[in-house]
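Colleague: This is a predicted model, with the sequence first.
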Amino acid sequence: MSTKLITKDGFEALKNELDHLWRVKRPDTTQKVTWAASLGDRSENADYQYNKKLLREIDRRVRYIRKRLEDMRVVEYSPEQEGRVFFGAWVEIENDAGDVKRFRIAGYDEIYGRNDYISIDSPMARALLKKEVGDEAVVQTPNGETCWWINEIVYEK
């Protein structure tokens, strides 16, 4: 079983989601299932069927988050990281065409729903690791190699 990396912000967000699901969403849905079941015939009861399905989805997500939280290691900021790209860094890069991108290198569980986060396992992140401001990073893409220059590296402290 391998340990997964996560930022402190990402870990807190997962814990908050777990807490919300367990203390708010699940009890509310359970109450709706109980109410719908009291109405009688469950085979034709859309409220009952929908909320039972929702309850299964909530329970599945709760199990998933609990299991993930056990395997995660929170990566804290360290002063030795300053000036170089490591896990948790906000990086601004630019290419020859003048396209500028800014994103944070984070763990797999943090990137969903975020356009400004990339996975530590992505080709871009791998190319940027250990580089400094002004360095060139060559990234392998399906269209060939692309070159990016690092403009800025910032860590949340």
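Modeller: Arrived safely, thanks for sending.

Colleague: so what secondary structure elements neighbour the helix or strand where Leu69 lies?
Modeller: Assessed by DSSP states H and E, Leu69 sits inside helix 46-71. Packing partners of helix 46-71 (3 or more Cβ pairs under 8 Å, 6 or more residues apart in numbering; DSSP states H and E): helix 8-20, helix 26-37. All C-beta spots, glycine's among them, are computed from the backbone N, C-alpha and C.

Colleague: Can I get the ones you listed in JSON lines including distance to Glu70, mean pLDDT and mean neighbour count?
Modeller: Formatted as JSON lines, the helices and strands packed on helix 46-71 follow (distance: least, Cβ to Cβ, whole Å; pLDDT from 0 to 100; neighbours: other Cβ atoms under 10 Å):
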{"stretch": "helix 8-20", "distance to Glu70": "11", "mean pLDDT": "94", "mean neighbour count": "15"}
{"stretch": "helix 26-37", "distance to Glu70": "20", "mean pLDDT": "93", "mean neighbour count": "15"}
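
Colleague: In three-state terms, how would Val139 be classified?
Modeller: Secondary structure state of Val139, per DSSP: H, G, I helix; E, B strand; the rest coil, is strand.
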